[in-house]
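# no letters, just coordinates:
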C-alpha cells in the first residue's frame, strides 16, 4: 500500500458518540474510529479524548501527523467560526468552548470547527444524496430539528452565522410549546422529543401501545430512533399515528422551503431518517409534492434521506476544511 | 446641463400603471414618466406602449437613444430570464410573452426582463431601505404576497428561477383557501385580498364597518390600499381587527424567514407598506422580534418598509441590468 501524500481528519462530535474518519486527497476513507463521548470532567477532558481519537485514527490509517492538512470538527450547536468557538452545546454541557485553539495546541495541525448539521449537509452534498445540486436544503430530525442550506454550491451561513434554524419555523400558531419558548415550531411538532411527548400523551389518555414496554426492555429512558423503528415494526398503532402526523408537518416544512428557496434537493438526516430511509421520507415527500406551488415537474425536486449514514458529518467537516484551505 | 455619457431606462410594468425612469451612470434620476397600462388589444399593443413610453422618457431626459446601455423591465409574474419571456402575468392577461425580443426589436437596445418583486428588492437593496445588507428578504404585500431574496449581495433566483414564493408559506394548516389551491398559505391570511374577504365576512356577520361605504364613495370595487388607509383613519374597528390579524401573520412569516435565513434586513413593499409605512410594519416587527430564536441583539435585524416608493421596481430593474451587463 502506498502511503497517501496528504490526509484530512473529520470528527463528528455528538452527544453520545465521537467519530473520527481519515481520508486521502481524493476523499477515499483510510480509517474510521468511534468511541463513546463521556461527558464527565468538563470540556478539557473531552477535547483530550478527541485528540487521542484523532491520533488513533491516523495510526489505523498508517499516516504520520506531518501529512495531515487539517482536522475538522462538526459540533452540536452554534459556532463562532471565525474564532473556532462552540458557543453553546447543551448535549455536551458546553458553553463558549474554544475548541479550535485547544485542539490545535494538542495536535499542532490546522483545526476547523463547524456546526454538525451544516457539515452533515456538506457531506451529503459533496459525496452523498445531494451530489450535483447547486442549491440544497438539509433537515435534520433528532431530539430537535436542525437545518442547513447550500446555495450556489456553498454553505450559506447567513449574516451572523445563524442561518438554518428551520426547526423554529412556526407551523401551528398556538401549537405545543417548544424548547425555545415559543409555540408551534416544527421542532415542537415533529422532532423525536415531540413524538415521544405525543406517544406518552396517547398512552396516558388510555390508548394501547408497546412503546413504553420496548423502552423498558431496551433500557432506554428516551424514545430513541431504534425504539421508534421497533414499535413501527410491531405495527404499534399509537406510534404509527404519531409518526404520520410528524411526517405530515415535515412535508409542509419541506414544501415551504422549496417554495421559498427553489432547491434541487431536500436531504433528511438524523437517526430516524438513517434507520427508516424511505419509510420515513416517502410520506414526507408525498405531502411536500402536494404543497408545491406550480412547477413544471414537482418530482424534479429530490426529497430524500441521506446516503452517508454516520459518516456524513465527519466527511462534510473534511469537505468544508478543504474548501476553506483552498479559499 | 451636461449631457450624460450613458443612460439606463427602468420600466415597472404593473397591472394598473406603467412607469419608466431614466438614470445616468451614477443612478441619478434624469426623468420619470407614468401612463396607465391599458390592457385591451393584446400583448403587442402594450409592448408598443412600453416602447413609446421609453422614448418619451428619453426625450424628457434629453438623452439620445445611442447613449442607452439597456432598458430593463420588471414584470408581474414568473420570468424565463434566459429567453426574456414573461411566463404568466394574470394581471396583464399575458401568457408566454417574449417581451425582451419584441421590445428589443422596437427599441434596438439591450433589453432585460425580471420579476417585479425581485427588482423591487434589488432597488431597495441598492438604493433604499436595504442598503448595505449582504443578505436581505423582500416581502411584497398586495393582492397577493410575493417575495424576493438577496444572498451575498446578489439576487437569489433558485435552481429553476422560481425562488421567493414566500406567499405560499403554509402558516395555518387547514386555514382559508388560497388562490394556489392549497389552504393556509400566508397569502390567504394576510394579503389585501385576504383582508378584503375578512372585512366582508365580518360585515356579513353583522359587525358595523364603513369600508364598503368608502369603497362606494371612491368608486372602487376592491378594497385597495387607499381604502384600507381611509378606513383606519376613521378608526373602523373591523378594519383595525383585520389589519392586526394580517400583521400578526406577517410577523410570524418574517420571523420564520429570519430564523431560517439570518438576513440583516427584511423589507416590506407593496401599496399598503408604501402608504402606511411604520404604521404597517411596526406591529409586524414587534411580532417578529418576539418569535426570533436566540439572537445577541434581535433589533440588529432591520424590519422596515421600502424607501423608494413607486420607483423601487424601475430602479431595481436598472441595477439588475447593470449587474448583468458587467457580469
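Noted; the coordinates are in hand. Being a predicted model, the structure only gives us computed values, none of them experimental. Numbers count the residues shown, from 1 in each chain, chains lettered A, B, ... in the order given.

# so where's the stretch 201-327 of chain A uncertain?
Across the stretch 201-327 of chain A, the ranges flagged by pLDDT under 70 are A:295-296.

# mind doing that once more with 90?
Scanning the stretch 201-327 of chain A with the threshold set as pLDDT under 90 gives A:293-300, A:326-327.

# in it, what residue lies closest to chain B?
Of all residues in the stretch 201-327 of chain A, residue A:262 sits closest to chain B, at 2.5 Å by Cβ to the nearest Cβ. The way it works is simple: take the backbone N, C-alpha and C, and place the C-beta from them, glycine included.

# thinking that residue is in contact with residue B:166, fair?
No: contact between residue A:262 and residue B:166 fails when scored by Cβ atoms under 8 Å: they sit 11.5 Å apart.

# neighbour-wise, which of these two wins?
The residue with more neighbours, out of residue A:262 and residue B:166, is residue B:166; 27 against 22, by other Cβ atoms under 10 Å in any protein chain shown.

# okay, that one: pLDDT?
Per-residue pLDDT puts residue B:166 at 97.

# can you check residue A:2 too?
68.

# how far out from the middle of the chain is stretch A:138-150?
Offset of stretch A:138-150 from its chain centre (Cα atoms, centre = their mean, to the nearest Å): 6 Å.

# just the endpoints, please. Distance across that stretch?
Criterion Cα to Cα, to the nearest Å; first-to-last residue distance in stretch A:138-150 is 8 Å.

# about what we covered before: now the residue of the stretch 201-327 of chain A closest to chain B, nearest residue through space, not along the chain?
Closest residue in space to residue A:262, ignoring its immediate chain neighbours: residue B:158 at 2.5 Å, by Cβ to Cβ, 6 or more residues apart in numbering or on different chains.

# what's the answer for residue A:132, then?
residue A:264 (7.6 Å).

# close enough to count as contact, that neighbour and residue A:304?
No: the pair residue A:264 / residue A:304 is not scored as a contact, 11.0 Å apart, by Cβ under 8 Å.

# got any residues that touch both of the two?
Taking Cβ atoms under 8 Å, 6 or more residues apart in numbering or on different chains as the contact rule, residue A:264 and residue A:304 have no neighbour in common.

# any idea of the pLDDT on residue A:151?
Taking residue A:151 on its own, its pLDDT is 98.

# residues in contact with the residue of the stretch 201-327 of chain A closest to chain B?
Contacts of residue A:262 were listed using Cβ under 8 Å, 6+ apart, and they are A:135, B:157-165.

# and the helices in the stretch 201-327 of chain A, which stretches?
Secondary structure of the stretch 201-327 of chain A (DSSP state H, counting those that start in this stretch): helices located at A:211-217, A:225-233, A:237-261, A:271-276, A:278-291, A:312-326.

# what packs against the first one?
In this structure, helix A:211-217 packs against helix A:192-204, helix A:225-233, with contacts taken as 3 or more Cβ pairs under 8 Å, 6 or more residues apart in numbering or on different chains; DSSP states H and E.

# near chain B at all, stretch A:276-295?
Yes: residues of stretch A:276-295 contacting chain B under Cβ under 8 Å from any Cβ of the partner chain: A:290-291, A:293-295.

# contacts for that stretch, please.
The contact list for stretch A:276-295 (Cβ under 8 Å, 6+ apart) reads A:225, A:228-229, A:232, A:244, A:247-248, A:250-252, A:254-256, A:258-259, A:266, A:268, A:272-273, A:298-299, A:301, A:303-305, B:160, B:162, B:165, B:168, B:170, B:180, B:182.

# also stretch A:42-56?
If you take Cβ under 8 Å, 6+ apart as the criterion, stretch A:42-56 is touched by A:9, A:11, A:13, A:18, A:20, A:33, A:35, A:37-39, A:65, A:71, A:73, A:92, A:94, A:97, A:99, A:102-103, A:106-107.

# those residues in strands, which ones?
A:9, A:11, A:13, A:18, A:20, A:33, A:35, A:71, A:73, A:94, A:97 (DSSP state E).
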